[in-house]
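Undergrad: coords below, sequence missing:
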Ligand SMILES: [Zn+2]
């Protein structure tokens, strides 16, 4: 797995990218990553996530208590802990307030990923988590009810959470969620998206399974030399999807 210094720099880089894209504003948001079986690295509370330095990142135990560093994690870290406890395949959690997706969260409607081929394949269905006070013990409990089946969560009237095998996969899912939300609104303005046929959705779901994008019981820490090393980058994914589609076409004799 990446060494601690690299993970600290990655957290700062994710914060910079998310702030630049407007997915977090002011001191919004919090991110964390597994460092080992019993330690996490998390962003500090009360700072702008676009301008963090690696030494500000706080090392915590699985109870959320700081074990090293001069900063404190957000009270929302409890949400992250609830996810890590139930999803060994998750090595990173990213929480932000992406404006369009959070609009869907405010009306408590999931971003419809099933109207887009890639969103359906790479993101899967988005859960809407029941309203709960931020930082309270109720919010992680509400989120825990959905955590086994989803990689993206809208928190009612609050924001969004993305999980992944590593920090980059989690943050890409957050970016793609916001993009999908914008596209869904455009489609609505143009009269409503045409549905993808159920049989076609099934094929995309099969590809999703073949690419290892479904929640699993496998530990991300054991996935390889990199934490979340199982998460291939976009180009590798596209190449694999293309070859799966070509195989399918060949099978059908086209
Ligand atoms: Zn929040």
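TA: Arrived safely. Remember, predicted model here, so these are calculated numbers, not experimental data.
Undergrad: quick check, central residue of this structure?
TA: Nearest to the geometric centre of the chain sits residue 162, at 2.0 Å (C-alpha atoms, centre = their mean).
Undergrad: verify the stated contact: that residue with residue 152.
TA: Yes - contact between residue 162 and residue 152 holds when scored by C-beta atoms under 8 Å: they sit 5.4 Å apart. Every C-beta, even on glycine, is put in place using the N, C-alpha and C of the backbone.
Undergrad: anything in contact with each of these two?
TA: By C-beta atoms under 8 Å, 6 or more residues apart in numbering, residue 162 and residue 152 have these common neighbours: 173-174, 177.
Undergrad: so which of those residues is the most crowded?
TA: Counting neighbours by other C-beta atoms under 10 Å, residue 174 leads the shared contacts of residue 162 and residue 152 with 29 neighbours.
Undergrad: now the residue nearest to it when sequence neighbours are not counted, what's its secondary structure?
TA: Nearest residue to residue 174, sequence neighbours excluded (C-beta to C-beta, 6 or more residues apart in numbering): residue 162, at 4.1 Å. Secondary structure assignment for residue 162 (DSSP: H, G, I helix; E, B strand; the rest coil): strand.
Undergrad: same check on the one 10 residues further on?
TA: Following three-state DSSP, the label given to residue 172 is helix.
Undergrad: now do it against residue 198, distance only.
TA: 27 Å (C-beta to C-beta, to the nearest Å).
Undergrad: ok, now residue 124?
TA: For residue 124 relative to residue 198 (C-beta to C-beta), the value is 16 Å.
Undergrad: ok, those two, which is more surrounded?
TA: Ranked by neighbour count (other C-beta under 10 Å), residue 124 and residue 198 place residue 124 first, with 21 against 8.
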